[in-house]
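Asks: Just need the structure, nothing else, for what follows:
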Amino acid sequence: MRITCPTCGSRDLHEFHVLGEAEQARPRLSGDFDSAAARAAFTDYVYARRNPAGPHDEYWYHGPCDTWLVVRRDTRSHEVHDVRAARGGDRP
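Replies: Residues are numbered from 1 along each chain as shown. The predicted structure is shown next:
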């Protein structure tokens with residue numbers, strides 16, 4: 001599989017590390033971080049994955065240029081549909 005980095009161009013998959021789905025927002029926690037609700041929200045954020053079949057946005061990290069990307073990839077075929085640099089609120 002090849003991914004086109006906006007900075008470096010088309011690169012082999014082995015230069016990248018996948019972080020996970022981009023649609024999953026980090027939980028907004030305030031107050032008691034050790035409460036049952038806070039622990040449950042963080043546990044869901046870390047471990048619960050939707051695992052969709054089809055196009056899906058994921059965070060990928062390209063080490064050689066230190067760039068975070070949002071990659072739209074079809075989970076059935078691994079075809080890459082779109083790659084963009086993660087910006088501002090996109091960044092994990």
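Asks: which residues sit in contact with the most centrally placed residue in the chain?
Replies: Centroid-nearest residue in the chain, with C-alpha atoms, centre = their mean: Y59, separated by 2.2 Å. With contact set as C-beta atoms under 8 Å, 6 or more residues apart in numbering, Y59 has these partners: V18, L19, G20, E21, A22, W68, L69, V70, V71, A86, P92. C-beta here means a position set from N, CA and C on the backbone, and glycine is covered the same way.
Asks: Over to the second one. Which of the three states is it?
Replies: When the structure is reduced to helix, strand and coil (DSSP: H, G, I helix; E, B strand; the rest coil), L19 reads as strand.
Asks: right, and it touches W60 too?
Replies: Yes - if you go by C-beta atoms under 8 Å, L19 and W60 touch, sitting 7.0 Å apart.
Asks: Of those two, give the one with the bigger neighbour count.
Replies: W60 (23 against 13; other C-beta atoms under 10 Å).
Asks: Tell me how far that one lies from G31.
Replies: Distance, W60 to G31, by C-beta to C-beta, to the nearest Å: 33 Å.
Asks: what's the answer for A40, then?
Replies: 14 Å.
Asks: Looking at the two, which is more packed in?
Replies: Between A40 and G31, A40 has the larger neighbour count (other C-beta under 10 Å), namely 11 against 8.
Asks: which other residues reach the one helix or strand that one maps to?
Replies: Element membership of A40, judged by DSSP states H and E, is helix 36-47. Contact with helix 36-47 is made by Q24, R26, P27, L29, G31, D32, as judged by C-beta under 8 Å, 6+ apart.
Asks: just checking, the fourth one is part of a strand?
Replies: This points to L29. No - when three-state DSSP is applied, L29 is found to be coil, with no strand at that position.
Asks: all strands of the chain, in order?
Replies: Using DSSP state E, the strands of the chain run over 2-5, 9-12, 16-21, 55-62, 67-74, 80-85.
Asks: Ok, which of those strands comes nearest R49?
Replies: Proximity to R49, assessed across the strands of the chain by C-beta to C-beta, is greatest for strand 16-21 (6.5 Å).
Asks: Could you list the residues in contact with that closest one?
Replies: By C-beta under 8 Å, 6+ apart, the list of residues contacting strand 16-21 reads 3, 49-50, 56-63, 69, 92.
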